[in-house]
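> Fold the stuff below for me.
(2 chains)
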Amino acid sequence: MRYARLLSVLFVIVVGLMALNGRSAYAAFHCMRIHAVMGGYNGTDTIQYVELRMNLGGQTFIGTHQMKFYDAAGTLKATFTFPGNVLNGLNGDSILVGMVEFDANTTGGNADFTFSNANTVGANGGDPLHPIQSPGGKIEFAPGFDNCDADLVANPGEVDTVGYGGAATPFGSSAPALPSPSDNRALRLGNINPAPSNNSTEYSLQAVSASTFSVATGSLKSDLATPRNNGRAVLQITPPVGGVAEAPDAGSTPLAEPAAGGSSAGIVIAIAAGAAAGAAGLSGAAWALRRRRSR
Amino acid sequence: MSKRKRRQHHTRSWEASGGSPSSETTAARQPQRGRRLALIGAALLAVAIPVAALAGFLLLAPGTDETPDTPRAVIVDQLGLTFPNPGFVQRATGLLEQAGYQVDYVPGEQATVSLYSTLASRSYDYVLLRVHTAQFTKEWRGLPHDEAVLFTSEPYSPEIYLYEQWELLLSQAYAYEGAPRYFGVAANFVESAMPGDFDGATVIMMGCGGLYTDRTAEAFMQRGAGVVLGWDQLVSANHTDRATERLLEKLLVDGLPIDAALAQTMAEVGRDPAYQSTLLTYPTED
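Now for the predicted structure:
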């Protein structure tokens, strides 16, 4: 009897330790959502980024974990491996991964990590430097690991996955497609819930920030503005200062040269108008004089 | 009897009577005085109207070509509508003012077609065009065009500036698909709708591809510019601001000639990291 009681106590202790050990491992990288994805800005499809957001404090140990990029058909196109950890790890803190072009065209700071040949491997013809597929595709963060939902099971799609533009997703239905690069909006998560539920309802196209500013620690969970880096700076994207020039829509009929002030045509017309007025005055005077003489 | 015939009848009666003045002839002198006054008035009008027309034209003509004592510079900040950078404007203005220039700042909403038409008549030594630039690479009325077009902030309309559009002094331009459309100032406008003379001014086209081709730069040279600077490809707002500020430091603080200033600027800030564009001068030394 004594031994049975001892065994029961030991069993409870062991189970408790196991449970504690499982939870403590979540102060690493598990409690993370894919917060935003952008496929292009101001007509430039190379200005891309992915932003992750922590839904629990302590999620700074992302080094060696991966993001995988798939096309709309589910074909793997690129795998990005985080080269290191981040510094800030409060509930709501962000981790920003962008392209070289993204860093070159933002004010207020840079992404925390940049896609490069050193940390991204292309697959099936995918471009490692621009791995985000558009308009449809899928992004997985830390596939095969558990997230911070209620169970302790690494279900398909966890830690987090977002499928968009018709791509298959393990979480409900596909989110809206990434817009064309000239549409300056990102696909953004509308909450910071630990468990993904339905990509089609959790994500929507939202305008990126029109200015750069810092987010206070008390607002990290509630401020959804993107793109934000781990330094808590929301960045402003400033694309190339070019554009498109097109032919006029005005009709094809040749027009007379207008009397623009200061042009030589204007001088001629002004003098002609004055001469005409002068001639009219003289004619009137001559008429009156002739009438007087005829009486 | 008509009034005219009555007057004739009265006159002949007066002559028949020997022409002696009478109360009737006195009364007849008043209409004669009136006609004299009408003659004088008509003559005055004949002189006054053309003089007034000419005076009005001269008064309304934009600007003069007189050279002021204080050297002048202008920053046309059409880009400020979408990518404001007050820090750059402040620092660039400071550099120019410390070098003795009076700086005119044109905010984005005032970068109109009319404003562009005055640039050559205000005796600027530095013309900083912080504006979007787009390439017009199309045919118009059977002629090929390949030139940089400078954005204004004036919303495009096919119903105004008809002559200017027909002659491709103005085109339409937009930053990206779906963005608002504005009038764009083409090379023909620089050549023929900017009265005055740049008189050796340094013109800096800060937007994308200003020197992707030489056409627009050559137009500025035809209008008297001393040198034109521009990018050979796309450039970001950040990088063009950074490079222009550094260039002004080299020119105004270090006093370097334009080629040396540009070479050092590019060595220090480098090409645009995303688009690999380079800031060039026109004309180039060959």
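> burial count for residue B:155?
Close neighbours of residue B:155, defined as other Cβ atoms under 10 Å in any protein chain shown, add up to 11. C-betas here are computed from N, CA, C, even on glycine.
> and if you look at residue B:122?
Residue B:122 has 18 nearby residues by other Cβ under 10 Å.
> That one reaches residue B:73, doesn't it?
No - counting by Cβ atoms under 8 Å, residue B:122 stays clear of residue B:73, with 10.1 Å between them.
> Need the overlap of contacts for these two.
Taking Cβ atoms under 8 Å, 6 or more residues apart in numbering or on different chains as the criterion, residue B:122 and residue B:73 both touch residue B:104.
> three-state assignment of the closest residue to residue A:117 other than its chain neighbours?
Using Cβ to Cβ, 6 or more residues apart in numbering or on different chains and skipping residues adjacent in sequence, the residue nearest residue A:117 is residue A:128, 5.9 Å away. Assigned with DSSP: H, G, I helix; E, B strand; the rest coil, residue A:128 falls in the coil class.
> Also residue A:187?
Reduced to three states by three-state DSSP, residue A:187 is strand.
> How about it, nearest residue that isn't a chain neighbour?
residue A:37 (4.6 Å).
> Assumed the one you found was part of a strand.
Yes - counting by three-state DSSP, residue A:37 is found in a strand.
> what stretches of the stretch 51-200 of chain B score poorly on pLDDT?
B:51-68 (pLDDT under 70).
> Let me see the ranges of the strands in it.
B:72-76, B:102-106, B:124-129, B:133-136, B:139-140, B:143-144, B:147-155, B:170-174, B:182-185 (DSSP state E, counting those that start in this stretch).
> Quick check: closest non-adjacent residue to the closest residue to chain A within the stretch 151-286 of chain B.
Relative to chain A, the nearest point of the stretch 151-286 of chain B is residue B:208 (3.1 Å; Cβ to the nearest Cβ). Of all residues not flanking residue B:208 in the chain, residue A:242 sits nearest, at 3.1 Å (Cβ to Cβ, 6+ apart).
> Give me the distance between that neighbour and residue A:195.
Distance from residue A:242 to residue A:195, counting by Cβ to Cβ, to the nearest Å: 44 Å.
> out of the two, which sits in the busier spot?
residue A:242 (29 against 15).
> what does the stretch 151-286 of chain B put close to chain A?
Neighbours of chain A within the stretch 151-286 of chain B, by Cβ under 8 Å from any Cβ of the partner chain: B:151, B:156, B:158-159, B:161-163, B:165-166, B:168, B:170-179, B:184, B:186, B:193, B:195, B:206-209, B:234-240, B:272-275.
> now the stretch 101-250 of chain A, which segments are flagged as low pLDDT?
Ranges of the stretch 101-250 of chain A meeting pLDDT under 70: A:250.
> mind listing the strands for it?
Using DSSP E, counting those that start in this stretch, strands in the stretch 101-250 of chain A cover A:106-107, A:113-114, A:120-122, A:137-141, A:160-164, A:185-189, A:203-207, A:213-214, A:233-234, A:236-237, A:244-246.
> between these, which one is nearest to residue A:78?
strand A:120-122 (5.2 Å; Cβ to Cβ).
> Return the list of helices and strands in contact with the closest one.
Where contact means 3 or more Cβ pairs under 8 Å, 6 or more residues apart in numbering or on different chains; DSSP states H and E, strand A:120-122 is packed against strand A:76-81.
> Just the buried residues of the strand it packs on, please?
By neighbour count, and taking 16 or more other Cβ atoms under 10 Å in any protein chain shown as the criterion, the buried residues in strand A:76-81 are A:76-80.
> restrict these to contacts with chain B.
Among those, chain B is touched by none when using Cβ under 8 Å from any Cβ.
> which pair in those spans the largest distance?
Farthest pair in those (Cβ to Cβ) is A:76 and A:80. Separation: 11.7 Å.
> Could you name every residue contacting both of those two?
A:68-69.
> Stretch B:80-98 and chain A in contact?
Yes - against chain A, stretch B:80-98 shows contacts by Cβ under 8 Å from any Cβ at residue B:83.
> Pull the residues that contact that stretch.
Applying Cβ under 8 Å, 6+ apart, the set of residues contacting stretch B:80-98 is A:238, A:241, B:73, B:75, B:77, B:79, B:103, B:105, B:107-109, B:126, B:128, B:130, B:153, B:175, B:237, B:241, B:244-245, B:248-249, B:252-253.
> go on, stretch B:270-286?
Against stretch B:270-286 from outside (Cβ under 8 Å, 6+ apart): A:46, A:100-101, A:103-105, A:240, B:208-209, B:211, B:214, B:217-218, B:221, B:227-236, B:239-240, B:243, B:247, B:258-259, B:262, B:265-266.
> and if you look at stretch A:89-98?
With Cβ under 8 Å, 6+ apart, stretch A:89-98 has contacts from A:32, A:35, A:48-60, A:62, A:67, A:80, A:86, A:106, A:110-115, A:192, A:217, A:219-223, A:227-230, A:232, A:235.
> hmm, try it at 6 Å
A:49-54, A:56-60, A:86, A:111-113, A:217, A:220-221, A:227-230 (Cβ atoms under 6 Å, 6 or more residues apart in numbering or on different chains).
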